[in-house]
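Peer 1: Only the shape, not the letters, is given here:
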């Protein structure tokens, strides 16, 4: 039988955690050398969220440093995650991959504000030495309100697959999906579309140590932050034009050998990024200290700034968004980024007074304040105390140690339970389980591409002079 083995290596949800990047590249280089000696075919993919503005390399170079690192590692194809798609300004996303030496596939991303960038493709056909054609499709999570706010749009992955798959099936022998959609969508896609042979998954940070088979499709995923890399082997029979075997593994990276050139590249690119972040913001006459579970001056100022900037009646932020103190003296944007690295946007919702009371009561629970939050844009440790602006809140300590809200006033009068108020917070709290009243609010306005640290820079102006 005339069989060939095809190898795919991939990363997913790195989120600019470069601590394992030299090991990842070192492993890829080792595998490439082995396959080249054996004259075997191999490809290197990224499944999105390689970029994350929590890291100074990404913030200082707006993702271009990530692309340079991927070029040096010789990637073949990448798709976009939500961190590439909705944390950059529309111009920065439009030019993000201009210098990429690899293909960029994202079939459900649509460019409305101007002509689509030349790098954006629905799919890419890769060809093996024996002529076997592999169709690589990319799809990203459809955070439509965010994309539309930035002048882009994102379509249903199912609508796209319905229209696109017949075309790819005609061109390709094997179909690989780079899916930045999450595990539940991956499983549903496997059930609906039998022609997709391999689904490389991400977004929900799930980890499959070995591949999972769902209705004939091989699902694989490597978690987050580069703790694992992905390896897929498929065996193709050229006589029968069928796949006779497919395997997937998640390889731990922590103890792999480092590639020295990659380590040097990281140091050089970091220095370049830090030069971009060295813009003065203000000069502090004295240090500003932060605390996660008590009131502090800087957090109060930031919450006031959020309320004013969004033209809201009331604002709420969690003290955990500020990660460290600021020293006296000149404060640069690098310092602002260091203490507030989260890619979190301001948001304004409309809530009735009785719902705001429920939010305030939930915000004062010990359980919420001590919650260790990871994801949803938050890059800190714990949620911390909720800080409010625009309302006066009185509390008392109950016998069990919990704080009980006794009364809340707005403009000197109790909150009107039926009145609708404009309520500002971070977009993080429009997702998830923390505040259902905010998550299910019918009126939401996201402010993009501004991040909380942009408002922090404004708030710091009151403490000194630029």
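Peer 2: Received it, and whenever you're ready, just let me know what you need. Just so you know, these numbers come straight off a predicted model, no measurement behind them. Numbering: from 1, shown residues only.

Peer 1: Tell me where the stretch 1-150 of the chain has helices.
Peer 2: 21-38, 56-61, 64-72, 82-86, 90-95, 144-149 (DSSP state H, counting those that start in this stretch).

Peer 1: Who are the packing partners of the shortest one?
Peer 2: Translated: helix 82-86. helix 144-149 (3 or more CB pairs under 8 Å, 6 or more residues apart in numbering; DSSP states H and E). From N, CA and C alone the C-beta is placed, and that goes for glycine too.

Peer 1: And the next helix or strand past the helix it packs on?
Peer 2: strand 152-154 (DSSP states H and E).

Peer 1: so how far is that following strand off the chain centroid?
Peer 2: Chain-centre distance of strand 152-154: 16 Å, with CA atoms, centre = their mean, to the nearest Å.

Peer 1: Mind giving me the packing neighbours of the next helix or strand after it?
Peer 2: Counting by DSSP H and E, the next helix or strand C-terminal to strand 152-154 is helix 157-171. Where contact means 3+ CB pairs under 8 Å, 6+ apart, helix 157-171 is packed against strand 123-127, strand 133-140, strand 174-180, helix 183-192.

Peer 1: Spatially nearest residue to residue 18, not counting backbone neighbours?
Peer 2: Nearest non-adjacent residue to residue 18, counting by CB to CB, 6 or more residues apart in numbering: residue 266, 5.7 Å away.

Peer 1: Over to residue 72?
Peer 2: Closest to residue 72 by CB to CB, 6+ apart is residue 265, at 5.9 Å.

Peer 1: For the helix or strand harbouring the one you found, which helices and strands make contact with it?
Peer 2: Using DSSP H and E, residue 265 maps to helix 260-276. Other elements packing on helix 260-276 under the criterion 3+ CB pairs under 8 Å, 6+ apart are helix 21-38, helix 56-61, helix 64-72.

Peer 1: low pLDDT regions in the stretch 1-150 of the chain?
Peer 2: Applying pLDDT under 70 to the stretch 1-150 of the chain picks out residues 1.

Peer 1: switch to 90 and redo it
Peer 2: 1-2, 111-115, 149 (pLDDT under 90).

Peer 1: Then the stretch 201-350 of the chain?
Peer 2: The stretch 201-350 of the chain contains residues with pLDDT under 90 at 294-295.

Peer 1: in the stretch 351-466 of the chain, which spans are helices?
Peer 2: Going by DSSP H, counting those that start in this stretch, the stretch 351-466 of the chain shows helices at 353-363, 366-369, 436-439, 452-460.

Peer 1: Out of those, which is the most enclosed?
Peer 2: Comparing these by mean neighbour count (mean count of other CB atoms under 10 Å), helix 452-460 comes out on top with a mean of 22.

Peer 1: Name the surrounding residues that touch that one.
Peer 2: Helix 452-460 has contacts (CB atoms under 8 Å, 6 or more residues apart in numbering) with 281-282, 284, 298, 301-302, 304-306, 309, 317, 321-322, 326, 331, 333, 336-337, 339-342, 344-346, 426.

Peer 1: residue contacts, the residue nearest to the spatial centre of the chain?
Peer 2: For the chain, the residue nearest the mean C-alpha position is residue 83 (3.5 Å; CA atoms, centre = their mean). Going by CB under 8 Å, 6+ apart, residue 83 touches 15, 48, 49, 51, 52, 53, 343.

Peer 1: how close does the closest residue to it other than its chain neighbours get to residue 178?
Peer 2: Nearest residue to residue 83, sequence neighbours excluded (CB to CB, 6+ apart): residue 49, at 4.6 Å. From residue 49 across to residue 178, the span is 12 Å (CB to CB, to the nearest Å).

Peer 1: who has more neighbours, the two?
Peer 2: Legend: neighbour count by other CB atoms under 10 Å for residue 49 and residue 178, higher for residue 178 (31 against 28).

Peer 1: got a list of what residue 365 touches?
Peer 2: 402, 403.

Peer 1: at 7 Å instead, please
Peer 2: Contact analysis of residue 365 by CB atoms under 7 Å, 6 or more residues apart in numbering lists residue 402.

Peer 1: Give me the phi and psi for it.
Peer 2: Main-chain dihedrals, residue 365, degrees, to the nearest 10: phi -80, psi 140.
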